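Asks: here is my input, please return the structure:
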Amino acid sequence: MSDATPQGDRLRAIVEALVFAAEEPLTIDDLADLFPGAGREALQAALDAVTRACEAEDRGLMVQRVAGGYRLATKSDLGEYVRALFRSRNRRRLTSQALETLAIIAYRQPITTPEIQAIRGTDPSSVLDALLEKKLVRVLGRKKVVGKPFLYGTTPEFLAHFGLNTLQDLPDISEFGGLGPGLEPAAASPSERPAPDAPAPLFARSAEAGGPFEEEDGDDEDNGEDSPEDEDDDENERGDDGDDS
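Replies: Numbers count the residues shown, from 1 in each chain. Below you'll find the predicted structure:
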């Protein structure tokens with residue numbers, strides 16, 4: 001940081017950034033400690049300028065005076081949109097069944113419904129429907145075997161949801177314990193290989209402790225087994241292997 005005391009518009013921009021970044025309401029004393037040569041009047045003027053700028057109708061944020069300090073907050077008349085954002089994100093939270101199915105698809109893609117069921121031990125049809133709806137999984141084509149079941153793979157939204165750059169950023173399979181052997185990528189035959197725009201072949205690498213398939217707080221903790229409600233859903237959903245013939 002430069003030793004020179006910022007002035008004018010530069011000082012106002014810095015104060016705005018500090019009000020945004022501060023975990024607690026920012027006070028004049030905080031600013032005076034950072035810029036002892038600026039003078040308290042100049043610092044207060046900068047804060048007032050930031051407050052006035054946020055009062056414009058085309059701004060989504062406002063400066064609040066709280067507990068003797070200042071903080072940035074969303075304008076109250078925009079609250080419905082902020083709440084809608086958080087409701088939308090909450091709907092994207094995944095159950096343990098969905099996380100387990102998604103992990104299998106990520107490591108074994110392209111993979112069919114019967115192959116997923118063979119690993120999980122339960123019918124994944126309803127879970128697959130939910131993952132397709134959330135756009136975390138997509139259909140890559142059909143496997144050239146009897147019945148021509150759908151082949152499933154992950155999507156760019158899957159990478160974004162778990163903070164991954166590519167499939168190569170997935171944790172090493174050994175981190176999944178007992179489920180690991182079922183997740184080992186299988187060599188795909190030419191008929192099983194995804195289309196050119198499908199995800200690249202998977203080669204997992206080691207990662208730091210904790211991975212994208214850890215269950216989020218508030219999800220069902222059932223050690224990967226479907227709850228009675230999920231089993232009822234499975235019976236009501238399509239029970240085939242992806243056929244439409």
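Asks: let me see the ranges of the strands in this structure.
Replies: 61-66, 69-74, 137-142, 150-154 (DSSP state E).
Asks: most packed of those?
Replies: strand 150-154 (a mean of 24; mean count of other C-beta atoms under 10 Å). Yep, even glycine has a C-beta here, placed from its N, CA and C like the rest.
Asks: by contact count, what packs against it?
Replies: Counting contacts by 3 or more C-beta pairs under 8 Å, 6 or more residues apart in numbering; DSSP states H and E, strand 150-154 packs against helix 96-108, helix 113-120, strand 137-142.
Asks: give me whichever of the ones you listed is most buried.
Replies: helix 96-108 (a mean of 24).
Asks: that one to helix 113-120, inter-axis angle?
Replies: 110 degrees (axes from the mean of the first three to the mean of the last three C-alpha atoms, to 10 degrees).
Asks: and of the strands of the chain, who's closest to Arg108?
Replies: If you check each of the strands of the chain against Arg108 by C-beta to C-beta, strand 150-154 wins as the nearest, at 9.3 Å.
Asks: circling back: now the strands of the chain as CSV including distance to Asp172 and mean pLDDT?
Replies: Output for the strands of the chain, formatted as CSV (distance: least, C-beta to C-beta, whole Å; pLDDT from 0 to 100):
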stretch, distance to Asp172, mean pLDDT
strand 61-66, 42, 86
strand 69-74, 41, 87
strand 137-142, 22, 95
strand 150-154, 17, 96
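Asks: of all those, which one comes closest to Arg93?
Replies: Closest among these, using C-beta to C-beta: strand 137-142, at 15.9 Å.
Asks: all helices of the chain, in order?
Replies: Under the criterion DSSP state H, the chain contains helices at 8-21, 28-34, 40-54, 79-91, 96-108, 113-120, 125-133, 156-161, 180-183, 228-236.
Asks: could I get these as TSV with mean pLDDT and distance to Gly69?
Replies: Formatted as TSV, the helices of the chain follow (pLDDT from 0 to 100; distance: least, C-beta to C-beta, whole Å):
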stretch	mean pLDDT	distance to Gly69
helix 8-21	89	9
helix 28-34	89	7
helix 40-54	90	10
helix 79-91	75	22
helix 96-108	91	41
helix 113-120	93	52
helix 125-133	92	44
helix 156-161	86	35
helix 180-183	54	50
helix 228-236	43	48
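Asks: tell me which of those is the most buried.
Replies: Scoring the helices of the chain by mean count of other C-beta under 10 Å, the most buried comes out as helix 96-108, with a mean of 24.
Asks: list the helices and strands that one packs on?
Replies: Using 3+ C-beta pairs under 8 Å, 6+ apart: helix 96-108 touches helix 113-120, helix 125-133, strand 150-154, helix 180-183.
Asks: what are the C-alpha coordinates of that helix, in CSV please?
Replies: Extracted in CSV, the C-alpha atoms of helix 96-108 (Å, rounded to 0.1, in the frame of the first residue of the first chain):
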residue,chain,number,x,y,z
SER,A,96,-27.3,-38.3,-0.1
GLN,A,97,-28.9,-40.5,-2.7
ALA,A,98,-28.4,-37.9,-5.4
LEU,A,99,-24.8,-37.3,-4.3
GLU,A,100,-24.1,-41.0,-4.5
THR,A,101,-25.7,-41.4,-7.9
LEU,A,102,-23.9,-38.3,-9.2
ALA,A,103,-20.5,-39.7,-7.9
ILE,A,104,-21.1,-42.9,-9.8
ILE,A,105,-22.0,-41.1,-13.0
ALA,A,106,-19.0,-38.7,-12.7
TYR,A,107,-16.5,-41.6,-12.4
ARG,A,108,-18.1,-44.2,-14.7
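Asks: quick revisit: so which of the helices and strands packed on helix 96-108 comes closest to Cys54?
Replies: helix 125-133 (38.3 Å).
Asks: next, the angle from that closest one to helix 113-120.
Replies: 110 degrees.
Asks: and helix 125-133, what does it pack against?
Replies: By 3+ C-beta pairs under 8 Å, 6+ apart, helix 125-133 packs against helix 96-108, helix 113-120, strand 137-142, helix 228-236.
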